[in-house]
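Peer 1: Can you look at this prediction? I've put the sequence above it.
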Amino acid sequence: MQFSFFDDDSEHASQPQIIPLPGADVVYMPRWLVDQEATAFYHALASSLSWSQDTIKLFGKPVKIPRLQAWYGDLTTQYTYSGLTMVPKEWTTELQNLRSRCEKTAECRFNSVLANWYRHGQDSMGMHADDEPELGVQPVIASLTLGEGRPFIFRHKQTKETTRINLEHGSLLIMRGDTQRNYLHGINKTTRSIGGRINLTFRYIYPATPE
Ligand SMILES: O=C(O)CCC(=O)C(=O)O
Ligand SMILES: [Fe+2]
């Protein structure tokens, strides 16, 4: 299924759109940031965040993930994974600014943000759900797109029904409720020659409880 939003009335261009996915709660807000501001944030984040291309193990072999990433947050959000303690970087001015605006829109608190930089069409993110226990049972995730729009794929875990939403420059996508429980999501590669896209996913990570 493909959704496109016909919106002739520019006054309503940033009206929230409810994405009709059964068993999910997804709202898409085109032009949450006006073009000029979104472009300014794209360049500021590209040059100021501490980007790295992380390595994961695939069938025992180290493989570089196909994008750059950076993780920022409150110190309470650090967690231990396979004996490795992951410590977030301290909030930058731009990230603080965007965090508080996302909190106002989503009407909830965020203490962490994962930044992804898709440098070109060959950068991607595999299908996954953001369902780690430290995100809680019904996580709210606010996802901001800056730069080149890319199709965001939702796939229902049981029915496998697939829905694509083109995430545009300056847009905010808010996922809540059972979205992570019922759906996977991801960003495919494309052979089209396209520009870069920076995505910020604001989250709330529950502080680890001592064992
Ligand atoms: O780039 C995107 O829109 C997806 C990012 C994402 O799913 C994640 O960071 O968990
Ligand atoms: Fe995700």
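Peer 2: Thanks, I have the structure now. Numbering: from 1, shown residues only. Ligands and ions are numbered 1, 2, ... in the order given.
Peer 1: Quick check: residues of this structure near ligand 1?
Peer 2: 114, 116, 125, 130, 143, 152, 167, 185, 187, 199, 201 (C-beta under 6 Å from any ligand atom). To be clear about C-beta, it is placed using only N, CA and C from the backbone, and glycine gets the same treatment.
Peer 1: Strands - which of these land there?
Peer 2: 114, 116, 125, 143, 152, 167, 185, 187, 199, 201 (DSSP state E).
Peer 1: my guess is the fourth one meets Arg176, correct?
Peer 2: So the one you mean is Ser143. No. The pair Ser143 / Arg176 is not scored as a contact, 11.7 Å apart, by C-beta atoms under 8 Å.
Peer 1: which one of the residues of the chain next to ligand 1 sits closest to Tyr72?
Peer 2: Nearest to Tyr72, judged by C-beta to C-beta, of these is Leu114 at 8.3 Å.
Peer 1: What distance do you get for the closest one to Gln36?
Peer 2: Applying C-beta to C-beta, to the nearest Å, the value for Leu114 to Gln36 is 25 Å.
Peer 1: do Ser124 as well
Peer 2: 28 Å.
Peer 1: do Pro88 as well
Peer 2: For Pro88, the distance to Gln36 - C-beta to C-beta - is 29 Å.
Peer 1: quick one: which of those two has more around it?
Peer 2: Neighbour tally, Pro88 and Gln36, criterion other C-beta atoms under 10 Å: the higher count belongs to Pro88, 20 against 9.
Peer 1: Look up phi and psi at the nearest residue to that one once chain neighbours are set aside.
Peer 2: The shortest distance from Pro88 to any non-neighbouring residue, by C-beta to C-beta, 6 or more residues apart in numbering, is to Gly73 (3.6 Å). With angles defined as degrees, to the nearest 10, Gly73 sits at phi 170, psi 180.
Peer 1: Give the bridge partners for the closest residue to ligand 1 within the chain, please.
Peer 2: Ligand 1 sits closest to Asn199 of the chain, with a gap of 3.4 Å, by C-beta to the nearest ligand atom. Here Asn199 sits in beta bridges with Asn116, Thr145, going by DSSP bridges.
Peer 1: wouldn't it be in contact with Ser143 here?
Peer 2: Yes. Here Asn199 reaches Ser143: they are 6.2 Å apart, a contact under C-beta under 8 Å.
Peer 1: Need the overlap of contacts for the two.
Peer 2: Leu167 (C-beta atoms under 8 Å, 6 or more residues apart in numbering).
Peer 1: Tell me how many other residues crowd the closest residue in space to Gly147 that isn't next to it in sequence.
Peer 2: By the measure of C-beta to C-beta, 6+ apart, the closest residue to Gly147 outside its immediate chain neighbours is Arg197, 4.2 Å from it. Close neighbours of Arg197, defined as other C-beta under 10 Å, add up to 23.
Peer 1: Next: Asn188.
Peer 2: 14.
Peer 1: wait, isn't it in contact with Gly126?
Peer 2: No. Between Asn188 and Gly126 there is no contact under C-beta under 8 Å: 9.3 Å.
Peer 1: And stretch 49-64, what's buried?
Peer 2: Neighbour-count burial for stretch 49-64, counted by 16 or more other C-beta atoms under 10 Å, picks out 49, 51.
Peer 1: for the chain, what are the low-confidence residue spans?
Peer 2: 1-13, 81-82, 209-211 (pLDDT under 70).
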